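K.L.:
just the structure for this:
(3 chains)
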Amino acid sequence: MGVMPSSDSDSPEFTRVDWDTEAGGRRRPAARTVGFALALAAIGALLTYDLLVAPAKTIPPLEWDVRKEGWLVLVSLVVLGRYVLVPLVADRERTARHVEAFLRRPAGVLALAYLAAFAVLGLFGPDAFEFTYAKPAHNLQPPVFASVNMSVTDGYSCVGPVVDGHCQGTWQYPLGTNYIGENVIEHFVSGIHVAFKAGVSAGVIMAVVAVVVGTTAGYYGGWVDDVLMRYVDVQQTVPAIVVYIVLATLYLGNVENISDGGLFAFVLVFGLLDWGGIARLVRGEAIQRRTAGYVRAARAAGASDLHVIRRHVVPNSTATIVTALTRRIPLIILAQVGLAYLELNRTRPVSLGGVIRFGLRERYMPWHAKWWTTLPAVLILVGLVVAFNVFGDTVRDVLDPREEVR
Amino acid sequence: MADPLLSVRDLHVRFDGDDGTVRAVDGVDFDVRTGETVCLVGESGSGKTVACESITRLISTESAEITGEVRFDGTDLTALSESALESYRGGRIGHVFQNPQDALDPVYTVGAQVVEAIRIHRDVSKSAARAEAIELLDRVGIGDVTERFDDYPHQFSGGMKQRAVVAMALACDPDILIADEPTTALDVTIQRQVLELLADLQEEREMALLFVTHDLGVVAEVADRVVVMYAGNVMETADVYELFDAPAHPYTRALLDCLPGRGEGFETIGGAIPDPTDPPAGCRFRPRCPHAIPECEGGDQPGFRPVGPADGEADGDGANETGPVEHRVSCVLYDDTHGVPSDLEGGR
Amino acid sequence: MSDDPLLIVRDLEKHYPVRSGLLRRVTGHVEAVDGVSFDVHEGETVGLVGESGSGKSTTATTMLGLEESTSGEIRFDGEPITAFDGDERERFRRRAQIVFQDPNSAFDPRLTVGESVAEPLAIHGLRDPDRRREVAVDALERVGLSAADADRYPREFSGGQKQRVALARALVLDPDLLVVDEPVSALDVSVQAEILSLLAELQTDLGLAMVLISHDLGVVRQVCDRVCVMYLGEIVERGPTDRLFDDPQHPYTEALLSSIPEPDPRGRDDADGTAPVELTGDVPDPSNPPSGCSFHPRCHRVVPPESFAFADGRFRRVLDLRLAVENGDLSPDEFDDSSAVRTEYGLVDELSDADAERVLTEAAEAVSAGELDAAADRLGAFDTVCERTDPALEPTAAGHHAACHRRGESVEGSSEAE
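P.N.:
Below you'll find the model as predicted:
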């Protein structure tokens, strides 16, 4: 029947492992760990170079003038690569299964496409687009396939054809221009760039802190849990946005020529203070996993806490972490937009909040007549929030380990 | 003989699984008469739980498609609307589930949950329901009821929880209690207490009991009649003494041999229960059956045949179930044309 | 091979602090394991049996050093496990393995079965992944699965198959001692036999020392050479399986034996006549265990006081009444008259001992009058050695050990003189 173990006399393989030579053999540091360390070291070296040798200049190969928040983004991208990309590639079979399951959910695919487009634009947009100077003569051009009534404002010069006193949009300015004659599409690209930087770096900082704190609290329990969770309670009573506003107005100053801290301060404040909710969820997962059979089995086999946490506790919380982040990140981006709109967080290049503020100014035309300077920005943000939510739900469905337990 | 209280005919339950349509219950017939205990026995995956959850459409899978006839005291339950069924569930038909942990809501006190069970179906005042709940909890053996009435489920031990669940199921004085593995999660000592409680309650309330279990040892303790299920089909039905004295179906025999203290040494069935999305043609047990013959292949699960000293009325059709032919088996070996293998003949 | 036991457990105790209040002050102790001693020899299977809450699982995790013991000694291969240094400890981790309850939650759903089985090898430093896989696949084949199963996920397996995988995972480190905690309680009876026979076979093939934990004496009977019966953190009876089953010396063992469902429907008819041992109630709260012999509140053979004579079984009912009064389980207006009290506790007939009857009559009247303190006073006369002193685990006439004041009497024909 093949149910019983073979009773042939050859000794089982496991009795032939010579533990006197094997035992204690620690694995060489894995390639991924070495790569991770190297990448971080490279960033560190560049930072040192930038700070000490050439503070004013750009970094040669990239010709990037990497500024403070830029360093955060770089580190975040490396962390993302190590903890998202590498595992996905390393475990191809599993990834393939998840991708297959993901592809069966069209809404999720659409959301992912949106987020991917957003990320690509955010990462490479500023390099891909030739940024132009404002041409006051070309102000308030309508987007292509739209038109504007020229009689609304005096001295209006139309770049495209004029039909019935209405100026038609042209491909020169596909999304039109604003009232000082800047290409709107460039603004949107820079707004997306800022949103991307804010989302990625604050998101990664939050994720790392939340996972470390949540897992530690949940896995070890006892007074460790008490102390950490009481701290989270305190932190959550003061929203990050309040801390930021106080900091920005009191200390960073909002006087002309003095920075309000910009994106760097924003990312740090939100990244370091807005992770409480996620940490709580992760803690819940860790408490559940702590008593799971496989964790007990690994511990009984002699596994260290670190092994158990890295191999079982955190990976099995992935669905929760990802879903929580997809809820939190759009809120952070919206917060940045809101603060920028209130001129509490001025960034260079301009954020979508700045774009909207600019577009709503009653110059030459009422704001609704020049809708193209604001509406697309709003749509981009709405799309972003929806895409994040749908993506998060889809990931939860695909990854949730409980589904697999049955 | 009067019509049975509950009669299930040609019950089929299918639902969509990951790998195709799961035929969880595939043509099941059985009866439960007033005041008797019928045990539905089978391994996990035999469809016994699905079958008894389908009686009041409690089955949790959304896509489940239930066909067949479920007649309860003259009413065809399958034809009833959801709202009409609700008055049966927990009313005339009580349920007790396997895991008492899941059956009690942790945020309400045990007493409040029994009171609620009473008030869902009957229009009684809160204080009357409370008095009744105390009486019920006392009856199921919760000592010191007045003290424990306001305890939360987590303050109860596993056995006490199951007693409380039984009290809830009794709240509306059901005609039949459907108990799905009510003792599997419990210690053997507590199992015995719960089994005795159920037997006592059944006797004093003249209640029918449909008892689902995988353990023939428990069956021997409680059953009047036994329905043996395998892969969504009924393999054999018999009076409990008949079944243990002279099991007819090779599957029943194999199950009995697995019982500690019955077979010699470690008897096992070998193999595994078939894939419910693609069951074998012919007798479902054929791939694991030590007595399989070519006639077992092909077609549907064989129809019922009477076993043993048939007294005249055995027409072998299986359609006429109310006659005295109590012991029936779904196995071609009991066809007239085949000689029953000598090692299957007779009792032990 | 020596005759020394592989594992020696002596006076093992494990207490958990009970904390309450905001500051989590320790307000008491749960004596989960309270002085347990036994040996496990190479090649034998020892059963630990008891209801939930009897401390059998805690005994297992503590004796493997997975939890720190409160006191007592655990020696593995002659060495106390508390004295192990880093390397020795790791070696001990390899040589002593445990399979926990419930195979359904025993595997990381993200890992293939092969990865799960190979995990202990990686933990202990086997670097070569191909070698790990080779060992894991061989282990899977040893427990009756196939090499192809290594690439499947836990959810694709039935409960019985998962239990096989769990055994494979425990075997890959080539242990000398294997502890299996409730290996079959989550499984169908038909599959239980398969797993138990696999355990027996593995043990013979590999010469393992095995500790099997179960609440079901029926399971233990099939595979164990010796059995320890545990109740509330203590071993109440210990002996070779055959002798323990044939001639149980402790009433608790007797009760456990009679709770095994009889696989014969005719058994229940007979049983009605002979009244099987009925174990009432649950295991008491281990944070507040009964005094003396902790089984006395449930014991059907509780020893009557020397000063009175009781008919068989009568003292149990009197003691039930006494405990109910003392524990405040009765309310003052629960009974209309004293005969209602006597009916409730099955004491309608007069007791044969006139002194005892007088005490009982007065007590019943006090209960019905709501004077529970007075009733408790009266009933205090019925005290028993079982609640005064905790019996030690000592040899009995039957040849094995039991912890009962009736030790030495034949349990079967015991009856009190009228």
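
K.L.:
give me the number of residues near the residue of the stretch 1-150 of chain B found nearest chain A?
P.N.:
Nearest residue of the stretch 1-150 of chain B to chain A (CB to the nearest CB) works out as residue B:18 at 9.8 Å. The C-beta positions use only the backbone N, C-alpha and C, and glycine is treated the same way. Residue B:18 has 8 neighbours, counted by other CB atoms under 10 Å in any protein chain shown.

K.L.:
try the one 5 residues further on
P.N.:
The local packing of residue B:23 (other CB under 10 Å) involves 21 other residues.

K.L.:
the helix or strand harbouring it pairs with which strands, and in what direction?
P.N.:
In this structure, residue B:23 sits in strand B:20-32 according to DSSP states H and E. In the sheet, strand B:20-32 lines up against strand B:6-17 (antiparallel) (DSSP bridges).

K.L.:
give me the buried positions along the strand it pairs with.
P.N.:
The neighbour-count check on strand B:6-17 (16 or more other CB atoms under 10 Å in any protein chain shown) flags B:6-9, B:11-15 as buried.

K.L.:
same check, this time on stretch B:178-190
P.N.:
For stretch B:178-190, by 16+ other CB under 10 Å, it's B:178-190.

K.L.:
which two from these end up farthest apart in space?
P.N.:
Longest distance between any two of these is 24.6 Å, between B:178 and B:189; criterion CB to CB.

K.L.:
near chain C, which of the buried residues of stretch B:178-190 show up?
P.N.:
Contacts with chain C are made by B:187-190 out of those, judged by CB under 8 Å from any CB of the partner chain.

K.L.:
for chain A, longest helix please?
P.N.:
Counting by DSSP state H, the longest helix found in chain A is helix A:184-220.

K.L.:
anything in that helix near chain C?
P.N.:
No: remark: helix A:184-220 sits outside contact range of chain C, by CB under 8 Å from any CB, the gap being at least 15.0 Å.

K.L.:
pull out the buried residues from the helix or strand following that helix.
P.N.:
Per DSSP H and E, the first helix or strand lying C-terminal to helix A:184-220 is helix A:222-237. Neighbour counts over helix A:222-237 (16+ other CB under 10 Å) mark A:225, A:228-229, A:232, A:235-236 as buried.

K.L.:
show me what the next helix or strand after helix A:222-237 is packed up against.
P.N.:
Next along the chain after helix A:222-237, taking DSSP H and E as the criterion, comes helix A:240-246. Helix A:240-246 is packed against helix A:262-273, helix A:318-341, with contacts defined by 3 or more CB pairs under 8 Å, 6 or more residues apart in numbering or on different chains; DSSP states H and E.

K.L.:
dump those helices into CSV; add mean neighbour count, mean pLDDT and distance to chain B as well.
P.N.:
Below are the helices and strands packed on helix A:240-246 laid out as CSV (neighbours: other CB atoms under 10 Å in any protein chain shown; pLDDT from 0 to 100; distance: least, CB to the nearest CB, whole Å):
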stretch, mean neighbour count, mean pLDDT, distance to chain B
helix A:262-273, 22, 88, 33
helix A:318-341, 22, 92, 18
